[in-house]
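J.: Next input, structure requested:
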Amino acid sequence: MFQDIVTGYYHAFQMQNLIIIVLGTLVGVALGSFPGLDSSIGAALFIPITYGMNPSQALLLLTALYCGAVYGGQIPAILFRVPGASEAVMTTLDGYPMALKGEAGKALGVGLLSSLVGGIFGVVGLTLTAPLLANVALMFGPSEYFALGILGLTALASLGSKSQIKAIISGLLGLLIATVGLDPITGVPRFVFGTTVLKGGITFIPAVIGLFAAAEVYNQISRGRAFSKVDAGEGKQSKRLRVTFPSLKELKPLKWSSLRSALLGLGVGILPGVGATTAAIVGYSQAVQFSKEPEKFGKGTIEGIIAPEIANNAATGGAMVPLLSLGIPGSATTAIMLAAFLMHGLRPGPLLLVQQRPLAFTIFAGMAIANVLFFFIGFFAIRLFVRLREIPYPFLAVGILAFSAVGANAMGAMHGMIMMFLFAILGFIMEKYNYAVAPMVLGLVLGPIIEPSLRKALMIQEYDLIGVLTRPITAMLLVVSIFVLATPIFWELKRRRTVRRTVN
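T.: Numbers count the residues shown, from 1 in each chain. Presented below is the predicted three-dimensional model:
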């Protein structure tokens, strides 16, 4: 194993390969920083370019782009509440409030450091335990995916809202919207209202861009900011803004939360088809549920940035496990990488780690180098976006809406832009009446996982619900879900008892 690792780094550090890794990381950070242009779109755009490369260079380019894009999405998410990539949706919940409080430099530093830690953890986990983790992924069937989705939904009651009832309503609305389109089992159209556009379902990227980016512009306009001059001192503050990192004193209490996020991110990334966005949601939700002060989330706490960023970056390493070990894509981006493998005459699967072992470890090394590179490249990308804060808000609002429209239309379908503006109006109305949009996004992400998984599991078990729920891994995940739900209730009761004792 040690010799394979050394061989992988030897190949990755060869000048041509290193240049390709740097290029891929730069492009990835740039793509991740703009709404809609995530790693999957970037990989699809660059596949034709890799045709003239050898297999190792082609895959190094795509994996470096993947790592860079997952990080890049957090920069506009923190500064402007515009998630550059879907993986950064949860980062907006605490990153943007920190920026509003004048702590944008610290939020960016926390995100940068968390991405590095999560990415390196994912690569180390991938390198050392790929065969073992692949076997674990094989044990997941429809019932296990259903239980994993339920575990994610446990965050609804305390996600981004002061009212648990309103958060649950928002999440259920997201689950309802996720049912629009063709039935995943029977193929029958549902809630399409006689149109062909809705048969493909609600596309996630336009919905997220509308709910977060465009809706925030509408909120600012409603508050009169678009018609006012630049806030006093805002331009000067932007020029003075520097990336700062949290102290060891601030990080020490978060060590267990960070470790849980890293493990969950790696584990969720391994599951085929789940992806880094779900990993970020699960990472954030566990931080909320295990916290003694869950009410601080959504108001600008560094733990709200650390948890999702460690999880989604760790998931990039995890997503490569089923691709390389089983030949099954772990995310949308790795599905495109599968096409690159096949284009270069390689077939991912169990034999790849035997027949193409040097190539596999070169990919591992390239991902590790890319994670270190975006840590330094991030400083330059952050400076570019900080400059945008000096622009008067009316011009900035027009730019955000323009990039949001382009990002929503990135896949070439005009209805994506229309969908984005409709969700922007919905997001504006929801926030006006204090209904958080984050639970709706959670429902949109987990709905397509929970519903078909439960129905498939019931079909396999001949509609024996008890048989579905008592499968070992399923039962364990459901028990964890109950525990996670009970934890904040326990802490709240404990806090009330402490207050009563103090008063008495």
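
J.: which residues in the stretch 51-200 of the chain form helices?
T.: Under the criterion DSSP state H, counting those that start in this stretch, helices of the stretch 51-200 of the chain are mapped to 55-72, 74-80, 92-100, 104-138, 142-153, 164-177.

J.: Let's test this: name the helix or strand in this protein with the lowest mean pLDDT.
T.: Least confident helix or strand of the chain, by mean pLDDT, DSSP states H and E, is helix 234-240 with a mean of 48.

J.: could the helices of the stretch 51-200 of the chain go into JSON lines alongside mean pLDDT?
T.: Formatted as JSON lines, the helices of the stretch 51-200 of the chain follow (pLDDT from 0 to 100):
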{"stretch": "helix 55-72", "mean pLDDT": "88"}
{"stretch": "helix 74-80", "mean pLDDT": "85"}
{"stretch": "helix 92-100", "mean pLDDT": "89"}
{"stretch": "helix 104-138", "mean pLDDT": "80"}
{"stretch": "helix 142-153", "mean pLDDT": "82"}
{"stretch": "helix 164-177", "mean pLDDT": "84"}
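
J.: Need the residue closest to the centroid of the protein.
T.: The chain has residue 87 as the residue nearest its centroid, 2.1 Å off, counting by Cα atoms, centre = their mean.

J.: pretty sure that residue contacts residue 278?
T.: No. With contact defined as Cβ atoms under 8 Å, residue 87 does not reach residue 278; the gap is 9.5 Å. Using the backbone N, CA and C atoms, a C-beta is placed for each residue, glycine as well.

J.: list residues touching both of the two?
T.: Residues touching both residue 87 and residue 278 (Cβ atoms under 8 Å, 6 or more residues apart in numbering): none.

J.: So for residue 352, what's the pLDDT?
T.: Listed pLDDT for residue 352 reads 72.

J.: Next: the one 5 residues further on.
T.: Among the per-residue scores, residue 357 holds a pLDDT of 78.

J.: Now it. Nearest residue, chain neighbours left out?
T.: Excluding the flanking residues, the one nearest residue 357 by Cβ to Cβ, 6 or more residues apart in numbering is residue 4, at 6.0 Å.

J.: ditto for residue 54
T.: Once flanking residues are discounted, residue 54 sits nearest to residue 344: 7.8 Å by Cβ to Cβ, 6+ apart.

J.: what about the helix or strand hosting residue 453, average pLDDT?
T.: Assigned by DSSP states H and E, residue 453 belongs to helix 438-460. For helix 438-460, mean pLDDT is 85.

J.: Measure how it sits relative to helix 164-177, angle-wise.
T.: 50 degrees (axes from the mean of the first three to the mean of the last three Cα atoms, to 10 degrees).

J.: Quick one: work out the angle between helix 438-460 and helix 142-153.
T.: 160 degrees.

J.: Next secondary structure element downstream of helix 438-460?
T.: Taking DSSP H and E, what comes next after helix 438-460 is helix 465-469.

J.: what about that following helix, average pLDDT?
T.: Averaged across helix 465-469, the pLDDT comes to 90.

J.: Now it: buried residues?
T.: Residues of helix 465-469 classed as buried: residue 468 (neighbour count, 16 or more other Cβ atoms under 10 Å).

J.: Name the surrounding residues that touch that helix.
T.: 143, 146, 454, 457, 458, 461, 474, 475, 478.

J.: before we move on, the earlier item: can I get the helices of the stretch 51-200 of the chain in TSV with distance to residue 442 and mean neighbour count?
T.: Putting these into TSV (distance: least, Cβ to Cβ, whole Å; neighbours: other Cβ atoms under 10 Å) gives the following:
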stretch	distance to residue 442	mean neighbour count
helix 55-72	19	29
helix 74-80	16	28
helix 92-100	11	24
helix 104-138	20	22
helix 142-153	7	24
helix 164-177	6	19
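
J.: Quick one: residues contacting the closest residue in space to residue 254 that isn't next to it in sequence.
T.: Nearest non-adjacent residue to residue 254, counting by Cβ to Cβ, 6+ apart: residue 303, 5.5 Å away. By Cβ under 8 Å, 6+ apart, residue 303 lies in contact with 94, 254, 257, 287, 291, 296, 297.

J.: Now the buried members of these.
T.: For these, a burial check counting by 16+ other Cβ under 10 Å picks out 94, 254, 257, 287, 291, 297.

J.: shouldn't the fifth one be in contact with residue 298?
T.: When you say that, I think you mean residue 291. No. Checked against Cβ under 8 Å, the pair residue 291 and residue 298 is beyond contact range at 11.7 Å.

J.: Validate this expectation: residue 382 resides in a helix.
T.: Yes. According to DSSP: H, G, I helix; E, B strand; the rest coil, residue 382 belongs to a helix.

J.: Report the contact partners of it.
T.: Residues near residue 382 by Cβ under 8 Å, 6+ apart: 75, 108, 112, 243.

J.: Tell me how far it lies from residue 112.
T.: Remark: distance between residue 382 and residue 112 (Cβ to Cβ, to the nearest Å) = 8 Å.

J.: Find the nearest non-adjacent residue to residue 203, please.
T.: residue 416 (5.7 Å).

J.: so what's that neighbour up against?
T.: If you count contacts by Cβ under 8 Å, 6+ apart, then residue 416 has 203, 205, 206, 408, 409, 410 around it.

J.: and the first one, backbone torsions?
T.: The phi and psi torsions at residue 203 (degrees, to the nearest 10) take the values phi -70, psi 130.

J.: In this structure it contacts residue 419, no?
T.: Yes. Using Cβ under 8 Å, residue 203 is in contact with residue 419, at 6.4 Å.

J.: Backbone torsions only: list them for the residue nearest to residue 54.
T.: Dihedral angles (degrees, to the nearest 10) for residue 344: phi -100, psi 20.

J.: That one contacts residue 58, correct?
T.: Yes. Between residue 344 and residue 58 there is a contact under Cβ under 8 Å: 6.0 Å.

J.: between those two, what contacts are shared?
T.: Common neighbours of residue 344 and residue 58 (Cβ under 8 Å, 6+ apart) are residue 50.
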